[in-house]
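Peer 1: Any chance you could fold what I've pasted below:
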Amino acid sequence: MPTVTVASNLTVLKPDLENLVQQMTDVLAKQAKVPREYVHIHVQHGQFMSFGADTSAPLCQVSVLTVTEQLDYATKNQIAKDLQPILESAFTGLQPQRTQVIFPSIPLENIAIGAALLAPDPKSS
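Peer 2: Now for the predicted structure:
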């Protein structure tokens, strides 16, 4: 964790997508205090999206899914600040007021990697 989804109505060339993912991974690994290998990013570009029913202007929504209490208020705020210029560089014409970053979280016992839940079985404690 974190697991990140980036959605935008703008289309980005593959080299720019790779750069976007690299830069976002650096920010998220540092801020979440995890190895880069723990950061998962899915970019959905060229989507049909609206912000206030306006589908024509550039927009972006980022969901940063983490384990419950993994990130505090200050860290979330810093992530949003750090990601904005990266997003603007990848998505030409994107403005801060049309960028939304959300921070949902889930308990560790709801995450499986390698066919096993990450949390220990509460019955075995």
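Peer 1: For the protein, just list every one of the helices.
Peer 2: All helices of the chain, identified by DSSP state H, fall at 14-32, 73-90.
Peer 1: so can I have a markdown table of the ones you listed showing distance to residue 6 and mean pLDDT?
Peer 2: In short, each C-beta sits where N, CA and C put it, glycine included. Below are these laid out as a markdown table (distance: least, C-beta to C-beta, whole Å; pLDDT from 0 to 100):
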| stretch | distance to residue 6 | mean pLDDT |
| --- | --- | --- |
| helix 14-32 | 7 | 95 |
| helix 73-90 | 8 | 96 |
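Peer 1: and the ones you listed as CSV, adding distance to residue 96 and mean neighbour count?
Peer 2: Below are the helices of the chain laid out as CSV (distance: least, C-beta to C-beta, whole Å; neighbours: other C-beta atoms under 10 Å):
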stretch, distance to residue 96, mean neighbour count
helix 14-32, 16, 16
helix 73-90, 6, 16
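Peer 1: low pLDDT regions in the chain?
Peer 2: The chain contains residues with pLDDT under 70 at 125.
Peer 1: report the longest strand in it, please.
Peer 2: Secondary structure assigned by DSSP state E gives strand 60-67 as the longest strand of the chain.
Peer 1: for that one, packing partners?
Peer 2: strand 3-8, helix 73-90, strand 99-102, strand 105-106 (3 or more C-beta pairs under 8 Å, 6 or more residues apart in numbering; DSSP states H and E).
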